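Enquirer: Just to be clear, the model below is a prediction. Sequence and coordinates:
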Amino acid sequence: MSFSTVPKLEDMPSLGSPKEDAKRAAAYLAVDENLNVFSHNVIGVGSGSTVVYVAERLGQYLKDLKFKDYMSKAVCVATGFQSKQLIIDNGLSYGIIEQNPDVDIAFDGADEVDYNLQLIKGGGACLFQEKLVSTSAKTFIVVADSSKRSPRLLGSNWRQGIPIEVVPPAYVRIKTKLLNEMGAVSVVLRQGGKAKAGPIVTDNNNFILDADFGQIDSPAELHEKIKLMVGVVETGLFIDNAAKVYFGNSDGTVEIQT
Ligand code: 5RP
């Protein structure tokens, strides 16, 4: 693990929220430092509130006369419905991963990041497509505010656990096995909306179980064990995949973890 801190990128007016300022600082710097406008033809755009600023920055490159021609040739692949909307709303070209399976670079947020660059993702229930895009990318860059950093994964930043996408008919059996055989202290079927009007259905028509294991000492091992269960589509443990994490601070400085 190594950290470096970079000063505020440029003079940008505050968004009026320290958290949003932190997210924007991380996202803008991550794009500026890692996007090779001239050769990154397929760009993965993740999901969540921090990635909003990634898409915004990519949209700014598209308007920049110097880069316009190159950026207009780039295709962005999405990790879910929100991400597709971000691509379209920022004037970027949208492409499907089936036609663009070799992603040059992907940017995404995270719910928690440990000192070994292992992540918990899936707070927005998009973890399957997020993992597909990030593992298809030559370089995977994570953007987050600094509250997401943790020496070890605790699973406590989002709904107390690791999100697990499961095929609906298997959810009871998987929940029981997580509790009785795998050491989960609680497993909750994620509910939708404020009225909790039934389980959330993912972009792939599956359910999400949020499984709390407390502190996770061996994320790779736990991921592998969960994946072996019939009906598990993917886990929110992203192992050995991220190249760098950009943590934004509310004063506009950014810490980079490699
Ligand atoms: C969605 C995700 C998000 O990237 C993660 O929840 C972080 O979101 P935010 O940037 O809003 O904190 O994994 O499934």
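Expert: Here it is on my side, so go on.

Enquirer: Hmm, residue 223 and residue 239 touching each other?
Expert: Yes. Under the criterion of CB atoms under 8 Å, residue 239 is in contact with residue 223, at a separation of 5.6 Å. No exception for glycine: its C-beta is placed from N, CA and C like everyone else's.

Enquirer: in the stretch 51-200 of the chain, which spans are helices?
Expert: With helices called from DSSP state H, counting those that start in this stretch, the stretch 51-200 of the chain shows them at 51-63, 68-73, 81-89, 127-136, 171-180.

Enquirer: Give me the pLDDT for the residue nearest to residue 2 when sequence neighbours are not counted.
Expert: In space, and not counting its chain neighbours, residue 2 is closest to residue 258: 5.4 Å by CB to CB, 6 or more residues apart in numbering. The score at residue 258 is 95. That number is its pLDDT.

Enquirer: Then residue 197?
Expert: For residue 197, the predicted pLDDT is 74.

Enquirer: do residue 50 as well
Expert: Per-residue pLDDT puts residue 50 at 98.

Enquirer: quick one: it from residue 155, how far?
Expert: Distance, residue 50 to residue 155, by CB to CB, to the nearest Å: 19 Å.

Enquirer: in the sheet, who's paired with the residue lying closest to residue 134 once chain neighbours are set aside?
Expert: Excluding the flanking residues, the one nearest residue 134 by CB to CB, 6+ apart is residue 140, at 4.5 Å. Partner residues in beta bridges with residue 140, using DSSP bridges, are residue 106.

Enquirer: any idea how far residue 140 lies from residue 243?
Expert: 6 Å.

Enquirer: Could you give the number of residues near residue 170?
Expert: 18 (other CB atoms under 10 Å).

Enquirer: Repeat that for the one 3 residues further on.
Expert: A count of neighbours around residue 173, defined by other CB under 10 Å, yields 13.

Enquirer: Ok, residue 245 next?
Expert: Residues near residue 245, counting by other CB under 10 Å, number 24.

Enquirer: Make sure I have this right: it is in a helix.
Expert: No. Checked against DSSP: H, G, I helix; E, B strand; the rest coil, residue 245 lies outside a helix; its state is strand.

Enquirer: which regions of this protein sit below the pLDDT cut-off?
Expert: Low-confidence segments of the chain (pLDDT under 70): 1, 7-10, 157-159, 193-196.

Enquirer: Spell out which residues of it are next to the ligand.
Expert: Within the chain, the positions lying close to the ligand (CB under 6 Å from any ligand atom) are 46-50, 108-111, 121-127, 130.

Enquirer: Neighbours of the residue nearest to residue 173 when sequence neighbours are not counted, how many?
Expert: Nearest residue to residue 173 in three dimensions, chain neighbours excluded: residue 231, at 6.9 Å (CB to CB, 6+ apart). For residue 231, the count of nearby residues is 18 (other CB under 10 Å).

Enquirer: can you tell me how far residue 231 sits from residue 215?
Expert: 26 Å.

Enquirer: Over to residue 107?
Expert: Residue 107 sits at a distance of 28 Å from residue 215 (criterion: CB to CB).

Enquirer: the more surrounded of those two?
Expert: Taking neighbours as other CB under 10 Å, residue 107 and residue 215 compare with residue 107 leading, 30 against 11.

Enquirer: which residues touch that one?
Expert: 27, 30-31, 34, 43-46, 51, 54, 141-143 (CB atoms under 8 Å, 6 or more residues apart in numbering).
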